[in-house]
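Q: here are the coordinates; sequence isn't available:
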């Protein structure tokens, strides 16, 4: 299933440190896994089912690189990394990846296809280089791959990936309230809430071109169809009650934050993705980020071409003004020294705030 025995990187065992951590948390290496991804925080979490039957957090991995802006992938070539709920089957695992190791997210899923979104080969992989993917280091993807391999060998048929724009908190939703993706993100938050209140993998369905979670159709003969209206369905009463309590609490929190005039985040950062602060200074800039840095590089003491041109013009004007004064003075008199021309870059250009693509 994972390639020939001669290719050893996909057969790497789980590290002793992670094995010890699993034992401490009441997990086995064969127990099911679930992944949660947060773009803005640039973190990937591995959750694993315990012997008690609930999912608990095993490890957090800093994401080395992701591309695009916050928001879902819409079309081929937009450089957006997907957001949503994806199911990873063994055949989506690639032990021969050009990016060390990888697994395909399975984009587009039913929801994406219902919205006519296009794109392919959107992955979580190594090599720390992204064009619509979530890129990890080779060391990280090797351990993630090993955890997935053991879960599949233990009987898990597919593991769920929950990809979010940010941690789905009331504060983050309030902060991003001006973003046109908010209705979509609220829908994702509902799925996040289902996982957090139950600590079970939510059952994902799509109807009326929207995600629904843990839904049980009233009539088993009327299945969910992504492009058709949702048939009558219900939730288990205990889940419905917990979700309602969470939603009420979140709405109160958001109202309070807005009353306090919480600043709104910009809709666009004009940065090409981001990287976890762990990798600051060690991740090559993308072309977009390199251009942004060149435009905002306040610390460069060399004036830019436009500033040089203006400085040269000012120097000539000062020289012309100075010449008649020199001629009017006796040869023996010492000419008063004119102050050097000020750099138009350092004195006229205001100091700009750098846009940090790693933390927002």
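A: The structure has been received and is ready for your questions. Bear in mind the structure is a predicted one, so any value in this text is a computation, not a measurement.
Q: ok, residue 55 - contacts?
A: Residue 55 is in contact with 32, 34, 47-49, 195, 199-201, counting by Cβ atoms under 8 Å, 6 or more residues apart in numbering. C-beta: built from backbone N, CA, C; applies to glycine.
Q: quick check: bridge partners of it?
A: With DSSP bridges as the criterion, residue 55 is bridged to residue 49.
Q: related to what we said a few turns ago, same list (the contacts of residue 55) but as CSV, adding pLDDT, secondary structure and neighbour count.
A: Converted to CSV, the contacts of residue 55 look like this (pLDDT from 0 to 100; DSSP: H, G, I helix; E, B strand; the rest coil; neighbours: other Cβ atoms under 10 Å):
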residue, pLDDT, secondary structure, neighbour count
32, 98, coil, 19
34, 98, strand, 23
47, 98, strand, 23
48, 98, strand, 24
49, 98, strand, 24
195, 98, helix, 21
199, 98, coil, 15
200, 98, coil, 15
201, 98, coil, 22
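Q: hey, where'd the strands end up in this protein?
A: Taking DSSP state E to define them, one finds strands in the chain at 33-38, 43-49, 55-62, 65-66, 84-88, 93-94, 102-104, 123-125, 134-135, 159-164, 204-207, 210-213, 216-217, 233-234.
Q: wait, which of those strands is closest to residue 242?
A: In terms of Cβ to Cβ, the element of the strands of the chain nearest to residue 242 is strand 210-213, at 12.1 Å.
Q: strand partners of that closest one, parallel vs antiparallel please.
A: Using DSSP bridges, strand 210-213 pairs in its sheet with strand 204-207 (antiparallel).
Q: picking up where we left off before, closest to residue 260 out of the contacts of residue 55?
A: When the contacts of residue 55 are ranked by distance to residue 260 (Cβ to Cβ), residue 195 comes first, at 29.0 Å.
Q: circling back to that earlier point, would CSV of the strands of the chain with distance to residue 72 be doable?
A: CSV is the format used below for the strands of the chain (distance: least, Cβ to Cβ, whole Å):
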stretch, distance to residue 72
strand 33-38, 13
strand 43-49, 18
strand 55-62, 22
strand 65-66, 13
strand 84-88, 7
strand 93-94, 23
strand 102-104, 17
strand 123-125, 16
strand 134-135, 14
strand 159-164, 9
strand 204-207, 14
strand 210-213, 12
strand 216-217, 26
strand 233-234, 24
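Q: for residue 117, which of those strands is the nearest?
A: Residue 117 lies closest to strand 84-88 among the strands of the chain, at 9.6 Å (Cβ to Cβ).
Q: show me what that closest one is packed up against.
A: With contacts taken as 3 or more Cβ pairs under 8 Å, 6 or more residues apart in numbering; DSSP states H and E, strand 84-88 sits against helix 110-114, strand 159-164, helix 182-198.
Q: reformat those as TSV; add distance to residue 56.
A: Converted to TSV, the helices and strands packed on strand 84-88 look like this (distance: least, Cβ to Cβ, whole Å):
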stretch	distance to residue 56
helix 110-114	27
strand 159-164	15
helix 182-198	12
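Q: among the ones you listed, which comes closest to residue 91?
A: Judged by Cβ to Cβ, the one of the helices and strands packed on strand 84-88 that comes nearest to residue 91 is strand 159-164, at 13.0 Å.
Q: quick one: residues in contact with the closest one.
A: Strand 159-164 is contacted by residues 32-39, 81-88, 105, 124, 134, 148, 151, 185, 188, 191-192, 195, 201-202, 204 when judged by Cβ under 8 Å, 6+ apart.
Q: which among those residues end up buried?
A: Neighbour-count burial (16 or more other Cβ atoms under 10 Å) applied to the contacts of strand 159-164 gives 32-39, 81-88, 105, 124, 134, 148, 151, 185, 188, 191-192, 195, 201-202, 204.
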